[in-house]
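J.: What follows is a protein structure lacking sequence information:
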């Protein structure tokens, strides 16, 4: 679940025993950031079988949520606050006449599959097309350099080491994810680095590709072609071979989408350095 920075965060949760809703008298909510610090605690309000809590705007990052029901075990969840989305929901609905149907395709469903598309694009290219914040632990090798394993790194936000928080004066990072300290870091020491990464603005071709991919997920049944098919014969005649995800270099199985994503891969970087996210 993702929320936009600068906006309030509304969390919802249902206590279930498999598929059956559970009746609970009261629920409290505790939200922690990636360092484990509590950033919010309060009571949830109920509506039917669902509980909700509204939080103030939070900075970019990944958060955990504990939903504590009186007399019951805690349900755990999480969410992320990001600096942008691949496309807006109005853009998604305008991209296809079927998606304009709010009954058939709910807001929650569009949000879910937007995240699916964003995650898939980042997995394929090893790049985020929206601003995000990550926190990773890396081991020093005796040099002043740490490698984060992310591209398009925009800023260092915090560094902690064996002795706690590090004064980042003189520290720097480049867009390929190499952090450089003012002096050598003892080999074997582990450092936790929090940083912002991703594109400041979504490229237009990537946005179009994202909308195409969203429609392919949500309207797949319209094609009439079985999911496992690799070829088909048209009623009007002619044999067609399908671009199939996972075969012959295709990633999504949509040629226009795959062509766009291929342009954003750092293939040469992998060949030279032998590293990947």
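T.: Cool, the structure landed. Here the structure is a predicted model, which is why all the values come from computation and not from measurement. Numbering: from 1, shown residues only.

J.: Next, please give the residue ranges for the strands of the stretch 151-277 of the chain.
T.: 153-161, 164-165, 172-173, 178-180, 190-197, 231-233, 239-241 (DSSP state E, counting those that start in this stretch).

J.: Determine the number of other residues adjacent to residue 141.
T.: Using other CB atoms under 10 Å, residue 141 is surrounded by 15 other residues. Heads up, the C-betas are built off the backbone N, CA and C, glycines and all.

J.: before we move on, what about residue 124?
T.: Other residues near residue 124 come to 16 when the count uses other CB under 10 Å.

J.: For it, grab phi and psi.
T.: phi -70, psi -40 (degrees, to the nearest 10).

J.: which regions of this structure lie under the pLDDT threshold?
T.: Applying pLDDT under 70 to the chain picks out residues 71, 221-249, 267-277.

J.: Could you look up the SS state of the residue most central in space within it?
T.: Among the residues of the chain, the one closest to the centroid is residue 119, at 5.0 Å (CA atoms, centre = their mean). Three-state call for residue 119 (DSSP: H, G, I helix; E, B strand; the rest coil): helix.

J.: So for residue 4, which of the strands of the stretch 151-277 of the chain sits nearest?
T.: Between residue 4 and these, the tightest spacing by CB to CB is seen for strand 190-197, at 14.9 Å.

J.: how about the helices in the protein?
T.: In order along the chain, the chain carries the following helices (DSSP state H): 89-94, 107-125, 204-218, 255-263, 267-273.

J.: Columns distance to residue 148 on top of those, output as a markdown table?
T.: Conversion of the helices of the chain to a markdown table gives the following (distance: least, CB to CB, whole Å):
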| stretch | distance to residue 148 |
| --- | --- |
| helix 89-94 | 31 |
| helix 107-125 | 14 |
| helix 204-218 | 22 |
| helix 255-263 | 22 |
| helix 267-273 | 13 |
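
J.: and residue 47, how far is that from residue 14?
T.: Look at residue 47 and residue 14: by CB to CB, to the nearest Å, they are 10 Å apart.

J.: the more surrounded of these two?
T.: Neighbours per residue (other CB under 10 Å) separate residue 47 from residue 14, with residue 14 holding more: 12 against 8.

J.: Could you point out which of the strands of the stretch 151-277 of the chain sits nearest residue 89?
T.: When those are compared for distance to residue 89 using CB to CB, the nearest one is strand 190-197, at 24.2 Å.

J.: between the closest one and strand 153-161, how big is the angle?
T.: Orientation of strand 190-197 against strand 153-161 (axes from the mean of the first three to the mean of the last three CA atoms, to 10 degrees) gives an angle of 160 degrees.

J.: going forward can the numbers begin at 87, since that is how I track them
T.: Renumbered: residue one is now 87, and that last one reads strand 276-283.

J.: Off-centre distance for stretch 113-126?
T.: How far stretch 113-126 lies from its chain's middle: 20 Å, per CA atoms, centre = their mean, to the nearest Å.

J.: Same check on stretch 95-106?
T.: Distance, stretch centre to chain centre, for stretch 95-106: 21 Å (CA atoms, centre = their mean).

J.: Buried ones in that stretch, by neighbour count?
T.: 95, 97, 99, 101 (16 or more other CB atoms under 10 Å).

J.: Start and end of that stretch, how far apart?
T.: With CA to CA, to the nearest Å as the measure, the ends of stretch 95-106 fall 27 Å from one another.

J.: roughly how far apart are the residue nearest to the centre of the chain and residue 184?
T.: For residue 205, the distance to residue 184 under the criterion CB to CB works out to 23 Å.

J.: so residue 144 touches residue 118, yeah?
T.: No. Applying CB atoms under 8 Å as the test, residue 144 and residue 118 come out as separate, 11.3 Å apart.

J.: Give the residues shared as contacts by the two.
T.: With contacts taken as CB atoms under 8 Å, 6 or more residues apart in numbering, residue 144 and residue 118 have residue 125 as neighbours in common.
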